[in-house]
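**Student:** heads up, no residue letters with this:
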């Protein structure tokens, strides 16, 4: 809408647009792409859009069926039965919508938590002794990542190499 151009509705485009609203958005996007979290988030958004479409379709169908039941003159003969049928039509889509909303809230919290822990891990990695801690634990205590283990080990050993090969040793 801002550029007056049509853009495909995809998780990637939505996430790109949303993150770039922030002044440091391009940096954040680069970090997310490096860690793979951008692709995971984009896939999750795509799945969520499809799921929300199914929920809306179910609610639309429930409204249409409810309207047909209420406008049928025979519904006057059994108002409790009609209400029960209407309730049964709406129960599933509403339960799906509530479940979807709770899952979205949990996922947003997970993204926020992962982002904060990732920043904390980067900060801690510059602290003396942290590389040793990750090697001893076999993983990063903040992110749980074990992919950095060899690079952390190399960082620990590299300063010792000149001493090992010096004549005084």
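**Tutor:** Good, I have the coordinates. Just so it is clear, the model here is predicted, and its values are computed rather than measured.

**Student:** CA atoms for contacts and neighbours, from now on please.
**Tutor:** Noted.

**Student:** so after the strand or helix carrying residue 112, what's the next helix or strand?
**Tutor:** When elements are defined using DSSP states H and E, residue 112 is found to belong to helix 79-125. Toward the C-terminus, helix 79-125 is succeeded by helix 130-137 as the next helix or strand (DSSP H and E).

**Student:** Could you give the separation of that next one from the chain centroid?
**Tutor:** Remark: helix 130-137 is offset 28 Å from the chain centroid, using C-alpha atoms, centre = their mean, to the nearest Å.

**Student:** which parts of it are buried?
**Tutor:** Buried positions in helix 130-137, judged by neighbour count with 16 or more other C-alpha atoms under 10 Å: 130, 131, 132, 134, 135.

**Student:** Wait, the first one touches residue 124, no?
**Tutor:** Yes: taking C-alpha atoms under 8 Å as the definition, residue 130 is a contact partner of residue 124 at 6.4 Å.

**Student:** Residue 11: neighbour count?
**Tutor:** Residue 11 sits with 21 neighbouring residues when counted by other C-alpha atoms under 10 Å.

**Student:** Phi, psi for it please.
**Tutor:** The phi and psi values for residue 11, taken as degrees, to the nearest 10, are phi -60, psi -40.

**Student:** I'd guessed it sits against residue 42; true?
**Tutor:** Yes: proximity of residue 11 to residue 42 meets the contact threshold set by C-alpha under 8 Å, at 4.2 Å.

**Student:** Where does residue 145 sit: helix, strand or coil?
**Tutor:** coil (DSSP: H, G, I helix; E, B strand; the rest coil).

**Student:** For residue 59, see how far away the nearest residue to it once chain neighbours are set aside is.
**Tutor:** Once flanking residues are discounted, residue 145 sits nearest to residue 139: 5.5 Å by C-alpha to C-alpha, 6 or more residues apart in numbering. With the distance defined as C-alpha to C-alpha, to the nearest Å, residue 139 ends up 46 Å from residue 59.

**Student:** out of the buried residues of helix 130-137, who's nearest residue 73?
**Tutor:** Each of these was checked against residue 73 using C-alpha to C-alpha; the closest is residue 134, at 72.8 Å.

**Student:** Look up the closest residue to that closest one, ignoring the ones flanking it.
**Tutor:** Taking C-alpha to C-alpha, 6+ apart as the measure, residue 134 lies nearest to residue 140, with 5.2 Å between them; neighbours along the chain are not counted.
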